[in-house]
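Novice: Fold the following and give me the result.
(2 chains)
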2 protein chains.
Amino acid sequence: MLRGHRTWEFENKPVIISSATVGGPFEANGKIADDFDLLHEDLWLGQDSYEKAHQVLLEQACERAIEKSGVPKDNIQFLIAGDLINQITPSSFASRTLSFPYLGIFGACSTSMEGLALGAFIVNGHGAKYLLTGTASHNAAVEKQFRYPTEYGGQKPPTAQWTVTGSGAALLCGEGMGPRVTSATIGRVIDMGMSDPFNMGGAMAPAAVDTLEAHFKERQIDPSYYDLIVTGDLGKIGHDVSKELLKKHGIELSEEIYQDCGLMLYTDDQPVLSGASGCASSATVVYGHLLNRMKAGELKRILVVATGALLSPITFQQNETIPCIAHAVSIEYGGGY
Amino acid sequence: MLRGHRTWEFENKPVIISSATVGGPFEANGKIADDFDLLHEDLWLGQDSYEKAHQVLLEQACERAIEKSGVPKDNIQFLIAGDLINQITPSSFASRTLSFPYLGIFGACSTSMEGLALGAFIVNGHGAKYLLTGTASHNAAVEKQFRYPTEYGGQKPPTAQWTVTGSGAALLCGEGMGPRVTSATIGRVIDMGMSDPFNMGGAMAPAAVDTLEAHFKERQIDPSYYDLIVTGDLGKIGHDVSKELLKKHGIELSEEIYQDCGLMLYTDDQPVLSGASGCASSATVVYGHLLNRMKAGELKRILVVATGALLSPITFQQNETIPCIAHAVSIEYGGGY
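Specialist: Predicted coordinates:
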């Protein structure tokens, strides 16, 4: 199971028997709109607060994933979920609706892969037959909490990113058909002294590189093992920084193989500055677009390195730098694994 | 491993090879002051913010636990931690200092047992040789975030509780000497429609009862299996409510066997109203006082049901009720397990 210091190899290769993604109106105009199971025209989702809309995003992604699987709801044993909102209330309130035994997690935008890593570990170790994991973010709820009131119309520098309104959930099972979770590398907190919350991509890049390096070393594989390696939400700036850092560490990845979820969601004419961010960036791209490509036979082995900036408005106000983390999970489909 | 729907039985019985607790000046005057490894006279811990003091509490508990074990720091593979502060920054910043691969969790005051349950699962399943888990709370940091500025001197009703300043951490290993983690039952979110944030104990009691009932049923044991069953921080009011509810469900527990960590920390003349609360309530009582009593041979089998109120100031302002959760973990020492 353990391989090296912080990498798990899952000998039973838990299966993602189904997954689902939900998006908002901005995502409906994006590059991978067709990959969403449900797209909302209304940013409020008919709720009276953005936080409640945020909660409904996660509920719907979980419900769709369960529906698609055909597994009776009563058979789902655990939900592992988290998000960026204070005290992760959208996830906890969604768990109240869904009523599954619940493990709340927090890894900022790395939450998607923290949940998948833990969920795969539990299913692999026969701690659950069916386990659901997911995360969500809501542009307006997150902007309101982390930045200025949107009504101010404050301008942002080109290094800033756009928080995705959406959710992605995956249903894991010890057996069945579908893409399999084969390994996970857990991140360390890396802080290179950056303090600009409008350049999270740049701050998070070293954490992604640290985890990638550990993953290849501990799993004793070459990056070429994967058809695609995606980071979570580094955006243009962070993606470039990470490529340079990887090169310095002797890891050269082509543009075709090394990509970023934050650059896959929106079209070039959508005003997202450096790219997408938020918990739903990697969750919607991986649990929608990428799993679809795997099922279509386009990709056999992918590695997802979800990145998270572990700051808060208070730590920023207290002049702290930004501690970052990245968790990597490999998903494989077809072939000899 | 899985027993019933949401209970894990750990066949390898991960060992708590060491643990440590840290407290503040108020805890130094409490009932179990002798059980703390370190007590601070200064609520600021020499830091320039309460949030940084909060972070230092966790760092010190982790460092003391490692020191006491004699395990080289480099051998610790994972830290599972979380707390009540927005974006759990004290835990994430402590992880930056400690530099272990890190899994952030959130379960409000149930965080202690969420971490111990997940940590024991991972060690039991050979996902780590050495794994650290811990949590902390800081009275002033939590009051500032959840309630009124303390400078207002706002009066509280007798149902309110006192947030513990402290931290507890436990170092788990697959082998060695010490109390062993034998099982865990994961909580569901239970919300009985209570909305008064000054009566968290009453709100959380039904979640504790739900988890206790599931634990006895799924593990197929009688409550008398345990020498002591402790809830996390129900306080006087919540403890009484839970006893009544248990009785209604046919579970009668004596006052000697069924207790609450929130009633064990402070003396009767400390002004804590209904009792202690906060992540450190169960963490300091269990990882200090109770493990000491186990090692002294006074207790052989205990069950800890850490309770958490998953609300936030925003959900309260939005007129939401309080969703609650409770995670139960059994610890056994000596005898035939």
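
Novice: which residues in the stretch 51-200 of chain A form helices?
Specialist: All helices of the stretch 51-200 of chain A, identified by DSSP state H, counting those that start in this stretch, fall at A:89-98, A:111-124, A:139-146, A:200-219.

Novice: distance between the first one and the chain's centre?
Specialist: The chain centroid and the centroid of helix A:89-98 are separated by 18 Å, computed with C-alpha atoms, centre = their mean, to the nearest Å.

Novice: is chain B contacted by that helix?
Specialist: Yes: applying C-beta under 8 Å from any C-beta of the partner chain, one finds helix A:89-98 touching chain B at A:89, A:92-93, A:95-96. Bear in mind the C-beta positions are built from the backbone N, C-alpha and C, glycine included.

Novice: ok and that helix relative to helix A:139-146, angle-wise?
Specialist: Here helix A:89-98 runs at 130 degrees with respect to helix A:139-146, directions being taken by axes from the mean of the first three to the mean of the last three C-alpha atoms, to 10 degrees.

Novice: Which other helices and strands does helix A:89-98 contact?
Specialist: helix A:50-69, strand A:78-82, strand A:102-104, strand A:130-137, helix B:313-317 (3 or more C-beta pairs under 8 Å, 6 or more residues apart in numbering or on different chains; DSSP states H and E).

Novice: residues near the closest residue to chain B within the stretch 101-250 of chain A, how many?
Specialist: Nearest to chain B in the stretch 101-250 of chain A, going by C-beta to the nearest C-beta, is residue A:125, at a distance of 3.6 Å. Other residues within reach of residue A:125, judged by other C-beta atoms under 10 Å in any protein chain shown, total 24.

Novice: quick one: residue A:170 and residue A:287 touch, right?
Specialist: Yes: here residue A:170 reaches residue A:287: they are 5.3 Å apart, a contact under C-beta atoms under 8 Å.

Novice: So for these two, which residues contact both of them?
Specialist: The contact sets of residue A:170 and residue A:287 overlap at A:19, A:65, A:134 (C-beta atoms under 8 Å, 6 or more residues apart in numbering or on different chains).

Novice: so which strand or helix has the first one?
Specialist: Spelled out, that is residue A:19. strand A:15-23 (DSSP states H and E).

Novice: Moving C-terminal from that strand, which element do we reach first?
Specialist: Counting by DSSP H and E, what follows strand A:15-23 is helix A:25-28.

Novice: Now that following helix: buried residues?
Specialist: A:26-27 (16 or more other C-beta atoms under 10 Å in any protein chain shown).

Novice: Pull the distance from that helix to the chain's centre.
Specialist: 18 Å.

Novice: Contacts for that helix next, please.
Specialist: For helix A:25-28, contacts defined as C-beta under 8 Å, 6+ apart pick out A:33, A:36, A:39-43, A:139, A:162, A:164-166, A:265-266, A:270, A:284.

Novice: Now residue A:273: closest residue in space that isn't a chain neighbour?
Specialist: Leaving aside its chain neighbours, residue A:273 sits nearest to residue A:160 (4.8 Å; criterion: C-beta to C-beta, 6 or more residues apart in numbering or on different chains).

Novice: For the one you found, which residues are in contact?
Specialist: A:198-199, A:273-274.

Novice: same check, this time on residue A:290
Specialist: Each residue near residue A:290 by C-beta under 8 Å, 6+ apart is listed here: A:228, A:230, A:299, A:302, A:304, A:331.

Novice: would you turn these into a markdown table with distance to chain B, secondary structure and neighbour count?
Specialist: Listed next are those as a markdown table, based on distance: C-beta to the nearest C-beta, whole Å; DSSP: H, G, I helix; E, B strand; the rest coil; neighbours: other C-beta atoms under 10 Å in any protein chain shown:
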| residue | distance to chain B | secondary structure | neighbour count |
| --- | --- | --- | --- |
| A:228 | 24 | strand | 19 |
| A:230 | 21 | strand | 25 |
| A:299 | 27 | coil | 20 |
| A:302 | 22 | strand | 23 |
| A:304 | 16 | strand | 27 |
| A:331 | 19 | strand | 27 |
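
Novice: Tell me which two of these sit farthest apart.
Specialist: Farthest-apart pair in these is A:299 and A:304; separation 11.5 Å (C-beta to C-beta).

Novice: Pull out the buried residues from the residues of helix A:89-98 next to chain B.
Specialist: Counted by 16+ other C-beta under 10 Å, the residues of helix A:89-98 next to chain B give A:89, A:92-93, A:95-96 as buried.

Novice: and stretch A:309-321, what's its mean pLDDT?
Specialist: Stretch A:309-321 shows a mean pLDDT of 95.

Novice: same deal with stretch A:137-154?
Specialist: 87.

Novice: Show me the shaky parts of the stretch 1-150 of chain A.
Specialist: Counting by pLDDT under 70, the stretch 1-150 of chain A contains no low-confidence range.

Novice: try 90
Specialist: Applying pLDDT under 90 to the stretch 1-150 of chain A picks out residues A:1, A:143-144, A:146-150.

Novice: Mind jotting down where the helices sit in the stretch 201-337 of chain A?
Specialist: Under DSSP H, counting those that start in this stretch, the stretch 201-337 of chain A gives helices at A:235-248, A:279-284, A:291-295, A:313-317.

Novice: quick one, phi/psi of the residue of the stretch 101-250 of chain A closest to chain B?
Specialist: Dihedral angles of residue A:125 (phi, psi; degrees, to the nearest 10) stand at phi -90, psi 20.

Novice: wait, what's in contact with it?
Specialist: Each residue near residue A:125 by C-beta under 8 Å, 6+ apart is listed here: A:1, B:1, B:121, B:124-125, B:127.

Novice: what sits up against stretch A:205-214?
Specialist: By C-beta under 8 Å, 6+ apart, the surrounding residues in contact with stretch A:205-214 are A:4-7, A:185, A:187-190, A:192, A:223, A:229, A:231-232, A:234, A:238-239, A:241-242, A:245-246, A:249, A:251, A:303, A:305, A:307-308, A:324-328.

Novice: Recalculate using a threshold of 7 Å.
Specialist: With contacts defined as C-beta atoms under 7 Å, 6 or more residues apart in numbering or on different chains, stretch A:205-214 is touched by A:6-7, A:185, A:187-188, A:190, A:192, A:231, A:234, A:238, A:241-242, A:245-246, A:249, A:251, A:305, A:307, A:324-328.

Novice: restrict those to contacts with chain B.
Specialist: A:6, A:187-188, A:325 (C-beta under 7 Å from any C-beta of the partner chain).

Novice: if you look at those, which of them are in strands?
Specialist: Residues of those located in strands (DSSP state E): residue A:325.

Novice: Tell me the one of the ones next to chain B among the contacts of stretch A:205-214 nearest residue A:69?
Specialist: The closest of those to residue A:69 turns out to be residue A:187 (C-beta to C-beta; 29.2 Å).

Novice: I'd say the closest one and residue A:323 touch.
Specialist: No: with contacts counted by C-beta atoms under 7 Å, residue A:187 stays clear of residue A:323, the gap being 10.7 Å.

Novice: Please enumerate the shared neighbours of those two.
Specialist: With C-beta under 7 Å, 6+ apart, residue A:187 and residue A:323 have no common neighbours.
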